[in-house]
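Visitor: Need a 3D model of the sequence below.
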Amino acid sequence: MIVKSTNKCSLNDGDILFLEGEASDCAYIVESGQLSVTTVVNYQTVELGILREGDIVGEMGIIDQAPRTATVTATGTTYLIAITRDSLADRLSDVDPIILFIVKTLLERYRSGLDSVRGKQKADVSYSMTTSVSVGKMRLEAELKDALENNRLEISYQPLLNIQTNTVAGFEALARWNHPVRGPILPEEFIALAEETSLIVPIGEYIFQQSCLELINLGKAAGRDDLFMSINVSARQILATDFLQRIAQICLRSGVRCEQIAIEITETMGTPLDVLNHWVKRCRMLGFKISIDDFGTGYSGLSLLTKLTPDKVKIDKLFIANIKTDQAARQLLSSIAQMLNNQQIGVVVEGVESQYELDFIRDLGCDYAQGYLVGKPLSGLEAIALFE
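Guide: As a prediction, this is how the structure comes out:
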């Protein structure tokens, strides 16, 4: 019996994945187990080969709708990852090495199988992945998709302090994934994986949806309607044609005003400045605020300031880490803060971990502080408890 879950499926010994002559619509990567590939020649069944972990089967199904050219049967319990035409198109746009590997072997294996049937040569259908890393990456991607579809991604909320009034002004939404086997996975690992595929767009929408709903709850607990939520976006989200309209609709449905959302972009996202500038203008037309994250870590910081005129700038934590002992660090942070103040851009300082650092940036006229002194990332209930 074949058991399917999202883009994964499992087979028991003797289960037929597909029959020769059936319609085709996808390919499979063997995650574990073993498959037998057979065809019929002169009314006799001929085995073309055995496929094992990391091998590809049914690959012609992702480029055309021609019938299956062989029958594939499980020889023991086998787990597979399905690759559809849509996912192939998404990943080819990013020149993903795994998918390029699949494309490279499509015609080679197909022709090899035909030659074998015609008696010209022995078929070689192994084509294993060169490293276990590739299979592991595919497995993690499938599990991330499953976590998204079953609401197993969590959102934490790190408070931002209004330095001058000493009150919580807003929160930054941070995605978290507690893997059922591996435990907590670093955001930079699974977000980077999502950015390589189309997953980052639905994940981004999920973060916006959950964050807007939580912002309503936080506003009620605080008795305020001026709390804001900072949410990061990636280059792929920016390039998605209807992403802005969709998140604006999310705000409308949840009752959040767009001006309560600060969309965070980074210096290092690599989006052409003219494209980014056009996108930011569209954001402002809808009412969203713009914040530059990790300011000072890339090469385009000043260009972003002059072209985009953001509402807020987050100074990276590297600039505050040594201010207590390093005079040069204090002078550099002072210069950056003064430059931003002169342009009337809100200044957020990340990585504030001591009272000395908080007092120092208060004296500089900075607007917001974020870091473990202010508060660690919190669950929704923990964030509400700040006001209760």
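Visitor: Am I right that Y356 is in a helix?
Guide: Yes: counting by DSSP: H, G, I helix; E, B strand; the rest coil, Y356 is part of a helix.
Visitor: In three-state terms, label the closest residue to it other than its chain neighbours for me.
Guide: Spatial nearest neighbour of Y356, chain neighbours left out: K324 (5.5 Å); criterion: CB to CB, 6 or more residues apart in numbering. From N, CA and C alone the C-beta is placed, and that goes for glycine too. Three-state assignment for K324 (three-state DSSP): coil.
Visitor: Is K324 in contact with E353, as I believe?
Guide: No: taking CB atoms under 8 Å as the definition, K324 is not a contact partner of E353, at 10.6 Å.
Visitor: just how off-centre is stretch 182-199 within its chain?
Guide: 5 Å (CA atoms, centre = their mean, to the nearest Å).
Visitor: How far does it stretch from one end to the other?
Guide: Taking CA to CA, to the nearest Å, stretch 182-199 runs 20 Å from one end to the other.
Visitor: any idea of the pLDDT on the residue of the chain most remote from its centre?
Guide: Ranked by distance from the centre of the chain (CA atoms, centre = their mean), the top residue is N42, with 50.7 Å. N42 carries a pLDDT value of 78.
Visitor: ok, now V125?
Guide: 43.
Visitor: go on, D146?
Guide: 87.
Visitor: Also D94?
Guide: What the model reports as pLDDT for D94 is 53.
Visitor: pretty sure L48 is in a strand, no?
Guide: Yes: under three-state DSSP, L48 sits within a strand.
Visitor: what's around it, how many residues?
Guide: 23 (other CB atoms under 10 Å).
Visitor: Can you give me the distance of it to P202?
Guide: With distances taken as CB to CB, to the nearest Å, L48 is found 38 Å from P202.
Visitor: go on, R85?
Guide: As judged by CB to CB, R85 and P202 stand 18 Å apart.
Visitor: any chance you could map the helices in the stretch 151-300 of the chain?
Guide: Ranges of helices within the stretch 151-300 of the chain are 187-195, 200-222, 235-239, 243-254, 273-286, based on DSSP state H, counting those that start in this stretch.
Visitor: Out of those, flag the one nearest V181.
Guide: Taking CB to CB, helix 187-195 is the member of the helices of the stretch 151-300 of the chain nearest to V181, at 13.8 Å.
Visitor: what sits up against the closest one?
Guide: 137, 140-141, 144, 174-177, 199-200, 203, 234-236 (CB atoms under 8 Å, 6 or more residues apart in numbering).
Visitor: same thing with stretch 153-166?
Guide: 147, 167-178, 203, 206-207, 210-211, 214, 218, 229-230, 348, 358, 361-362, 366-370, 374-380, 383, 386.
Visitor: can you tell me how far K324 sits from I315?
Guide: 16 Å.
Visitor: In terms of neighbours, single out the busier of those two.
Guide: I315 (25 against 12).
Visitor: Low-confidence ranges, the stretch 151-300 of the chain, go.
Guide: In the predicted model, the stretch 151-300 of the chain carries pLDDT under 70 at residues 267-268, 297-300.
Visitor: Name all residues that make contact with L239.
Guide: Counting by CB under 8 Å, 6+ apart, L239 touches T271, V275.
Visitor: roughly how far apart are it and R139?
Guide: 27 Å.
Visitor: How about S379, nearest residue that isn't a chain neighbour?
Guide: S379 sits nearest to S156 (CB to CB, 6+ apart), 6.5 Å away.
Visitor: partner residues bridging that neighbour?
Guide: Under DSSP bridges, the beta-bridge partners of S156 are L174.
Visitor: give me the number of residues near it?
Guide: Neighbour tally, S156, other CB under 10 Å: 18.
Visitor: Just the buried ones among the contacts of stretch 153-166, please.
Guide: Among those, those classed as buried by 16 or more other CB atoms under 10 Å are 147, 168-175, 177, 203, 206-207, 210-211, 214, 218, 229-230, 348, 358, 361, 366-370, 374-375, 377-378, 380, 383.
Visitor: how much space between T84 and A70?
Guide: 20 Å.
Visitor: swap in S379?
Guide: According to CB to CB, S379 and A70 sit 51 Å apart.
Visitor: cool, Q260 as well?
Guide: 57 Å.
Visitor: who's more crowded, these two?
Guide: Each of Q260 and A70 has its neighbours counted (other CB under 10 Å); A70 has more, 23 against 20.
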